[in-house]
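Chemist: Below is the sequence, then the predicted model.
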Amino acid sequence: MKLLSAALILALSFGGMQTAHAQTEAGFQAWVKQFRSTALKNGVSARVYDRAFRGVKLNERVVRLDRKQAEFSREIWDYLDTATSPKRVKNGRAALKKHGNVLRQIERKYGVDKEVVLAVWGMETGYGANMGNINIVEALATLAYDGRREKFGRQQLLQALKIIQNGDITPNRMNGSWAGAMGHTQFIPTSYEAFAQDFDGDGKRNVWDENDPSDALASTANYFKRSGWVQNQPWGIEVKLPKDFYHGNASLKVKATPARWTELGVRTINGNKIPNHGKGSVFLPAGSDGPAFIVFKNFGVIKRYNNANSYAMGVGHLAGKIKGQGEFVKEWPRGPGALKLAEKLAVQELLNSAGYDVGEPDGIIGPKTLDAVNAIQASWGQQPNSKADQVFLKELRKRVR
Ligand code: CA
């Protein structure tokens, strides 16, 4: 989901303070009737409003997903394993081949590296495979009515109605996620209004088109350009810190020139001077036991799109892998027994060859893989433990060829 402005975040937190009221279809329909006058006052025509709400009901799934959504914390290495899985890299390269022409045109026009645009596309919807199929008007009206995100829902709903009014999309095709994010790169309506582009020049800003992602990709590039993207510069580089490094300086708040970091003994992971990509900060996403980075201006630009360090690393690292870069040199402190990405892939390959279908190995130990782990442990006469760890891999290697 896209950047929320400071004002909007404030509005959200106020919305969150209200107690959700009992949800009924009748209550929802009464709310829709009531909100109509607000919409009309804000320039939405009666005809557009009535058409957009035809058949719209309280969406229980949206309510459920909204209440369930807690920022569940995952270790950064698990997050990055998923975000930059071999499958996603492979699909990214295939998308680059298929849409290379338009991506190069977009890169030229907006000055945003095509692999970065691709990486956002891959992170947000798996290159358009999962754009979401919830009617946006229904999702946002439900969020507005439900109360937990009333301000957000109302603001985004008004903007969504204006998008319909402008003729960019018909209401029945305006689909997206439960949280109101739309199209290939998941723009919320206010981001759409601010940044969406009609790249193919057909008069419509169509970020939803399954067959032609060019408007959506140009819109994403435009978002990055307007957020200050510096072309041909990395989000960050892996570095080595000197033994006597003062860790008070490992903060995104501390910015220094490459020359200054070099003076302080910081080197690239290959032992060279820090290259000049402008001022940067030392960033230790997993603390001093994990890989160290210097992150540059573009790291902050990615965060304007989605304000999380893990997301920015995911986009940057995925873009790098699509270009052919490898894993980071220093290992993550995964803890005893934990599997590295290559080992997770080995687990999945071995389970497949043992006849347990876990799908194409992707390094993501999800429910399907864990089902297979439990099934094969049971077949060995063991107590299944839902654990794909070093002990399991060793056993698996011993028993499966
Ligand atoms: Ca268009």
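Modeler: Cool, got the structure.

Chemist: Only C-alpha atoms from now on, for both contacts and neighbour counts.
Modeler: OK.

Chemist: Is there a neighbour count for A342? I'd like the number.
Modeler: Number of residues near A342 (other C-alpha atoms under 10 Å) recorded here: 12.

Chemist: So in this structure, where's the weakest helix or strand by average pLDDT?
Modeler: When the helices and strands of the chain are scored by mean pLDDT, DSSP states H and E, helix 6-17 comes last with a mean of 42.

Chemist: Name all residues that make contact with G132.
Modeler: Contact analysis of G132 by C-alpha atoms under 8 Å, 6 or more residues apart in numbering lists N175, G176, S177, W178, M182, G183.

Chemist: Return the backbone torsion pair for the nearest residue to the third one once chain neighbours are set aside.
Modeler: By that I understand S177. Closest residue to S177 apart from its sequence neighbours, by C-alpha to C-alpha, 6 or more residues apart in numbering: G132 at 4.6 Å. As for G132, its main-chain torsions (degrees, to the nearest 10) stand at phi 90, psi 140.

Chemist: roughly how far apart are G132 and Q390?
Modeler: Applying C-alpha to C-alpha, to the nearest Å, the value for G132 to Q390 is 36 Å.

Chemist: Over to L396?
Modeler: For L396, the distance to Q390 - C-alpha to C-alpha - is 10 Å.

Chemist: Could you do N276 as well?
Modeler: 41 Å.

Chemist: before we move on, what about V358?
Modeler: V358 sits 19 Å away from Q390, going by C-alpha to C-alpha.

Chemist: The stretch 251-400 of the chain: helices as residue ranges?
Modeler: Along the stretch 251-400 of the chain, counting by DSSP state H, counting those that start in this stretch, helices occupy 258-263, 297-305, 309-323, 341-353, 367-379, 390-399.

Chemist: looking at those, which one has the lowest mean pLDDT?
Modeler: Comparing mean pLDDT across these, the weakest is helix 367-379, with a mean of 91.

Chemist: List of residues touching it?
Modeler: Applying C-alpha under 8 Å, 6+ apart, the contact partners of helix 367-379 are Q348, L351, Y356, D357, V358, Q383, P384, N385, S386, K387, A388.

Chemist: who has more neighbours, L396 and Q390?
Modeler: Ranked by neighbour count (other C-alpha under 10 Å), L396 and Q390 place L396 first, with 20 against 17.

Chemist: As JSON lines, the helices of the stretch 251-400 of the chain with distance to the ion would be great.
Modeler: JSON lines is the format used below for the helices of the stretch 251-400 of the chain (distance: least, C-alpha to the ion, whole Å):
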{"stretch": "helix 258-263", "distance to the ion": "42"}
{"stretch": "helix 297-305", "distance to the ion": "22"}
{"stretch": "helix 309-323", "distance to the ion": "25"}
{"stretch": "helix 341-353", "distance to the ion": "39"}
{"stretch": "helix 367-379", "distance to the ion": "39"}
{"stretch": "helix 390-399", "distance to the ion": "50"}
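
Chemist: can you list the residues of the protein near the ion?
Modeler: D198, D200, D202, K204, R205 (C-alpha under 5 Å from the ion).

Chemist: Would you mind giving these as JSON lines with neighbour count, distance to S251 and pLDDT added?
Modeler: Formatted as JSON lines, the residues of the chain next to the ion follow (neighbours: other C-alpha atoms under 10 Å; distance: C-alpha to C-alpha, whole Å; pLDDT from 0 to 100):
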{"residue": "D198", "neighbour count": "17", "distance to S251": "39", "pLDDT": "98"}
{"residue": "D200", "neighbour count": "15", "distance to S251": "42", "pLDDT": "96"}
{"residue": "D202", "neighbour count": "9", "distance to S251": "46", "pLDDT": "95"}
{"residue": "K204", "neighbour count": "16", "distance to S251": "43", "pLDDT": "95"}
{"residue": "R205", "neighbour count": "24", "distance to S251": "40", "pLDDT": "97"}
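
Chemist: Check the contact between A144 and G153; I expect there is one.
Modeler: Yes - using C-alpha atoms under 8 Å, A144 is in contact with G153, at 4.2 Å.

Chemist: how much space between the residue nearest to S177 and V315?
Modeler: Applying C-alpha to C-alpha to G132 and V315 gives a distance of 20 Å.

Chemist: Next: V254.
Modeler: Distance from V254 to V315, by C-alpha to C-alpha: 23 Å.

Chemist: Hey, what's the angle from the helix or strand hosting V117 to helix 309-323? Just curious.
Modeler: In this assignment (DSSP states H and E), V117 forms part of helix 114-125. On the basis of axes from the mean of the first three to the mean of the last three C-alpha atoms, to 10 degrees, helix 114-125 is oriented at 130 degrees to helix 309-323.

Chemist: by contact count, what packs against helix 114-125?
Modeler: Counting contacts by 3 or more C-alpha pairs under 8 Å, 6 or more residues apart in numbering; DSSP states H and E, helix 114-125 is packed against helix 86-98, helix 100-110, helix 214-226, helix 309-323.

Chemist: swap the cut-off to 6 Å and go again
Modeler: Under the contact definition 3 or more C-alpha pairs under 6 Å, 6 or more residues apart in numbering; DSSP states H and E, helix 114-125 sits against helix 309-323.

Chemist: The helix it packs on vs helix 86-98, what angle?
Modeler: Per the same axes, to 10 degrees, the angle that helix 309-323 makes with helix 86-98 is 60 degrees.

Chemist: Centre of the chain to helix 309-323, how far?
Modeler: 10 Å (C-alpha atoms, centre = their mean, to the nearest Å).

Chemist: Quick check: chain neighbours aside, which residue is closest to K340?
Modeler: In space, and not counting its chain neighbours, K340 is closest to R334: 7.8 Å by C-alpha to C-alpha, 6+ apart.

Chemist: So that neighbour versus D81, what's the distance?
Modeler: Taking C-alpha to C-alpha as the measure, R334 and D81 are separated by 12 Å.

Chemist: Same check on A26?
Modeler: Using C-alpha to C-alpha, we find A26 at a distance of 45 Å from D81.

Chemist: Those two: which is more packed in?
Modeler: Just comparing A26 and D81: by other C-alpha under 10 Å the higher neighbour count belongs to D81, 21 against 11.
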